[in-house]
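Trainee: Output the structure for:
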Amino acid sequence: AQCRAYTSPPPPFHTLRLIQEVAAMAEAVAEAVARACSQDPGVFRPAEQQLSLWETQPGFYSALQAIVMNHAVDSTVRMMAALCFKNGIDRYWRMGAANEISKEEKETIRFQLAQAALVEECLPVQAQLDLSVSKIARHDIPGSWPTLIPQLVEAVRTSSGERQARAIAVTYRVVKELSSKRLAPARRLFFQLTAELFPLLLDLWNRQVDTLFQAVRTSTDFAVLGTYAKLAHMTLKTLRQLFVHGFEKFHMSQDACAFLSQAIVRCKEYEVLRDSLPDNKEAPLSVFVDKSLITLLKAQMESQDLHPLSFARFLQQAMDYALGSLLSPVCTHRRPLERQQTSCMVLVRSVVLCAQYRPLGKAGPATPATAEEQVEANRIFLSIFDTETLTQLVRAIVTRLLLLSEEDLISWNDTPEDFAFDDAGEAWKYQLRPSAEHLLRSLVHEFPDKLAPYLLTMAQEAITYPNTILQAALYKDAVFTTLGLSASDLFSLIDFPNWFATYLVPEMQRQEHPNDRIIRRRIAWLLGCWSSVKLPPSTRPELYRRLLYMLDSNEDLVVRLTAATTLKSAMDDFDFRSVDFLPVLPDAMAQLVSLLCQVEECDSKMQVLSAVSVLIDRMGMEIRQHCGSITEYLPKLWLESESHNLLRGAILATLVLLVEAMGPFSAQLYPFVLPVIQLGADLKRPEHVYLLDDSLNLW
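Mentor: Here you go, the predicted model:
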């Protein structure tokens, strides 16, 4: 039902009585909170203990609320009270919780809280009040707090300026909290809430954005423009939560379809606006324009992920913008927004991998209701990703997004260990090059027939480029990256053993120019990608020898670390044969231990030690004559790693393998091993959590 004008009800009698009782307690609580803000441990620790004792006392949270609402109190004290209040709500509000806040006190808090959040002017305090409102709303809407949503709607509809901004901020927190509930009754409630709020906020957002763009054309007061941009961004964030989680099938809602269509169009408008602004990233206007652009792209990514068939109706429009953003040459005076390009790549990758856009036979079972939608989605999908578009996209990724930047080369020189092991992990969606790598791998996997010939042509072209020219070396590095990422899809098209001997080995031997190290490092990484895909036994001995050349102490440190990782991958492969590795075993152990001694960072030592562990594990008793260097260094490394429990755990794992390989000759390690076992198995020491299992295995 549409929300009617909200009128605040009068407080119940017991609420008035509790408010009067709390007033007496508030003075003592305020004094304790003020002492808790002190920097003197002798002052704030007793105050914290007192506040902790009061946590379960009736009226304590009403007293904290009274302190927060008293604007005559110092803002630091109010902030501390707001934090205590929010944490207590999180802990004791839930029905059935131990020391649950009483029903009467809950009613008193609810009666005053929303209004307090709407009039609060101190931003840190307001943020805590917003979170408190949302946490209570999660438990009490609609049953115990039916007036909250009408109150917020009325505040958003009738207020303006700062008061409207505060109302939208509270609404956003409530909507975000409710959207995270997943049980069916909660989902139905959120659908109803969306039907009520979405049209209001959509109309408000359109008016706010129009006001912003009009003001940009007529005003140079960037402070005012920043306020407009901030308000529009907060409304957009709320709309995004409602749009993504508030519709079962959003294509059945006219307002939702209008929002998505406008979101795609507004992306380009915000991008144009961003390029027209002075190059000041810290200015509020620039900050909120950038944030709005990213939020619009997030709405598209999340809706495509959760509602792929509904999104298919906007697939062409969304891909026109995303692909256009990635393919268009950079010609503006400002550097492209990295998060924008990253978000576009994540969106394109999600579309490429979406099963709902594939032909019916490959997309799994389809109901009669969705079969026609899938056929149409597949038609649009194939029309977008034709051969020309795919090759242009791959070319753009290789020539612009995979190239090592100036910052990368500086990092290589200044912090080589950090550069060598800079793994994005699960954060790849938020970083430019890792996103480009994931997109490229997905494109080649889904369209091998269309892209494989083009990639082979690029490789043949790049191999002829001279390393003496930096841009040529960087391009060759990017092409080799492409071949490594696509190894599992190109293995049947490339005669890699021949390519290794003909092209890669000569490149690995070049050391005349400083740029050669870029290619040697990339080839070492490339060999690791192909060693588990297509590398016949006859080629492996040569691979081991070439990697050992790269592990030489005169080699660049980044190249050595990359070669160590590749050697570990080659040894940890199913096709590894110890007989092929025996000729290089002494040098391999010596080189790895030398590298382990040289590196300084904990992560680097763990990576190299992992390679040593694999070597010991795969060669078994053969290492008995060559393990003197590692047995001499491990006691020193154990002492140096006193504050690094993960590294000590890796040392223990290596010792387990070493003792097994040495057999009866491991007795020479007992003076070192036995104290290590005693320390790792001591339950009184906190580090036993990391060391106990491996210590018992070693024992």
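
Trainee: Nearest residue to the residue positioned nearest the centre of the chain in space, please, no chain neighbours.
Mentor: In the chain, the centroid-proximal residue (Cα atoms, centre = their mean) is Ala427; its distance is 3.5 Å. Spatial nearest neighbour of Ala427, excluding adjacent residues (Cβ to Cβ, 6 or more residues apart in numbering): Pro434 at 7.6 Å. All C-beta atoms are positioned from the backbone trio N, CA, C, and that covers glycine.

Trainee: close enough to count as contact, that neighbour and Trp428?
Mentor: Yes: in this structure, Pro434 is within contact of Trp428 by Cβ atoms under 8 Å, at 3.6 Å.

Trainee: Any idea how many residues pack against Ala72?
Mentor: 5 (other Cβ atoms under 10 Å).

Trainee: Against Gln392, how distant is it?
Mentor: Between Ala72 and Gln392 the computed distance is 64 Å (Cβ to Cβ, to the nearest Å).

Trainee: Ok, His513 next?
Mentor: For His513 relative to Gln392 (Cβ to Cβ), the value is 32 Å.

Trainee: Tell me where the model's unsure across the stretch 301-450 of the chain.
Mentor: Counting by pLDDT under 70, the stretch 301-450 of the chain shows low-confidence ranges at 330-336, 361-369, 424.

Trainee: residue ranges of the helices in it, please?
Mentor: Taking DSSP state H, counting those that start in this stretch as the test, the helices found in the stretch 301-450 of the chain are 308-311, 315-327, 338-353, 368-384, 387-396, 406-414, 416-420, 432-446, 448-462.

Trainee: Can I get the shortest one as CSV, trimmed to CA atoms?
Mentor: This means helix 308-311. Output of helix 308-311 as CSV, limited to C-alpha atoms (Å, rounded to 0.1, in the frame of the first residue of the first chain):
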residue,chain,number,x,y,z
PRO,A,308,20.5,-12.9,-16.3
LEU,A,309,17.3,-13.4,-18.4
SER,A,310,15.8,-10.2,-17.2
PHE,A,311,19.1,-8.4,-18.0
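
Trainee: Can you get me a residue count around Phe419?
Mentor: Using other Cβ under 10 Å: Phe419 sits among 19 other residues.

Trainee: Skipping adjacent residues, who's closest to Leu596 in space?
Mentor: Val608 (4.5 Å).

Trainee: hmm, who's touching the helix or strand hosting that neighbour?
Mentor: Using DSSP states H and E, Val608 sits in helix 602-619. Around helix 602-619, the neighbours that count as contacts under Cβ atoms under 8 Å, 6 or more residues apart in numbering are 417, 420-421, 561, 564-565, 567-568, 571-572, 576, 578, 581-582, 585, 588-589, 592-593, 595-596, 599, 623, 627, 630, 637, 641, 644, 646-647, 650-651, 653-654, 657-658, 661.

Trainee: buried subset of those?
Mentor: With neighbours counted by 16 or more other Cβ atoms under 10 Å, these contain buried members at 417, 420-421, 561, 564-565, 567-568, 571-572, 576, 581, 585, 588-589, 592-593, 595-596, 599, 623, 627, 630, 637, 641, 644, 647, 650-651, 653-654, 657-658, 661.

Trainee: still on that earlier bit, take the contacts of helix 602-619 and keep only those in helices.
Mentor: Secondary structure assignment by DSSP state H places 417, 420, 561, 564-565, 567-568, 571, 578, 581, 585, 588-589, 592-593, 595-596, 630, 637, 646-647, 650-651, 653-654, 657-658, 661 of the contacts of helix 602-619 in helices.

Trainee: that older thread, just send the helices of the stretch 301-450 of the chain back as TSV, with distance to Val77 too.
Mentor: As requested, the helices of the stretch 301-450 of the chain are arranged in TSV below (distance: least, Cβ to Cβ, whole Å):
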stretch	distance to Val77
helix 308-311	49
helix 315-327	48
helix 338-353	38
helix 368-384	58
helix 387-396	55
helix 406-414	44
helix 416-420	43
helix 432-446	44
helix 448-462	63
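
Trainee: low pLDDT regions in the stretch 1-150 of the chain?
Mentor: For the stretch 1-150 of the chain (pLDDT under 70), the answer is 1-24.

Trainee: run the last query once more with 90
Mentor: Counting by pLDDT under 90, the ranges of the stretch 1-150 of the chain that qualify are 1-30, 40-41, 53-59, 95-99, 104-105, 108, 111-112, 121, 141-144.

Trainee: Tell me where it has helices.
Mentor: 13-36, 41-54, 60-69, 75-92, 103-119, 123-140, 148-158.

Trainee: Of the ones you listed, give the one that comes closest to Ala473.
Mentor: For Ala473, the closest of the helices of the stretch 1-150 of the chain is helix 123-140, at 49.2 Å, according to Cβ to Cβ.

Trainee: which residues touch Cys627?
Mentor: Contacts of Cys627 (Cβ under 8 Å, 6+ apart): 589, 616, 658, 661-662.

Trainee: ditto for Ser411
Mentor: Neighbours of Ser411 in contact, by Cβ under 8 Å, 6+ apart: 418-419, 422.

Trainee: what does Leu655 give?
Mentor: Residues in contact with Leu655, defined by Cβ under 8 Å, 6+ apart, are 634, 669, 673, 676, 698.

Trainee: picking that back up, tell me which of the contacts of Cys627 is nearest to Ala34?
Mentor: Closest to Ala34 out of these is Leu658 (59.8 Å), distances taken as Cβ to Cβ.

Trainee: Per-residue pLDDT of that closest one, please?
Mentor: pLDDT recorded at Leu658 is 88.

Trainee: out of everything not next to it in sequence, what's closest to it?
Mentor: Ile616 (5.7 Å).

Trainee: Let's have the contacts of Leu655 in CSV, adding pLDDT and secondary structure.
Mentor: Putting the contacts of Leu655 into CSV (pLDDT from 0 to 100; DSSP: H, G, I helix; E, B strand; the rest coil) gives the following:
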residue, pLDDT, secondary structure
Leu634, 87, helix
Leu669, 83, helix
Val673, 82, helix
Val676, 82, helix
Leu698, 81, helix
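
Trainee: returning to that earlier point: what's the neighbour count on the residue nearest to Leu596?
Mentor: Val608 is flanked by 24 other residues according to other Cβ under 10 Å.

Trainee: Next, find the distance separating Pro675 from Leu212.
Mentor: Applying Cβ to Cβ to Pro675 and Leu212 gives a distance of 68 Å.

Trainee: So which of these two has more stuff around it?
Mentor: Leu212 (25 against 12).

Trainee: okay, now the residue lying closest to Phe44 once chain neighbours are set aside: neighbour count?
Mentor: Leaving aside its sequence neighbours, Phe44 sits nearest to Ser38 (Cβ to Cβ, 6+ apart; 4.6 Å). Using other Cβ under 10 Å, Ser38 has 12 neighbouring residues.

Trainee: And Trp412, by the same measure?
Mentor: 19.

Trainee: Quick check: it touching Leu561?
Mentor: No: contact criterion Cβ under 8 Å: Trp412 and Leu561 do not qualify, at 11.2 Å.

Trainee: Dump stretch 492-502 to PDB, keeping only the CA atoms.
Mentor: What follows is stretch 492-502, C-alpha atoms only, in PDB (Å, rounded to 0.1, in the frame of the first residue of the first chain):
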ATOM      1  CA  SER A 492      46.400 -28.500 -29.400                       C
ATOM      2  CA  LEU A 493      47.300 -25.700 -31.800                       C
ATOM      3  CA  ILE A 494      50.900 -24.900 -30.700                       C
ATOM      4  CA  ASP A 495      53.900 -27.300 -31.000                       C
ATOM      5  CA  PHE A 496      55.200 -26.000 -27.700                       C
ATOM      6  CA  PRO A 497      58.400 -28.200 -27.500                       C
ATOM      7  CA  ASN A 498      59.500 -26.900 -30.900                       C
ATOM      8  CA  TRP A 499      58.400 -23.300 -30.000                       C
ATOM      9  CA  PHE A 500      60.400 -23.700 -26.700                       C
ATOM     10  CA  ALA A 501      63.600 -24.800 -28.500                       C
ATOM     11  CA  THR A 502      63.300 -22.400 -31.500                       C
END
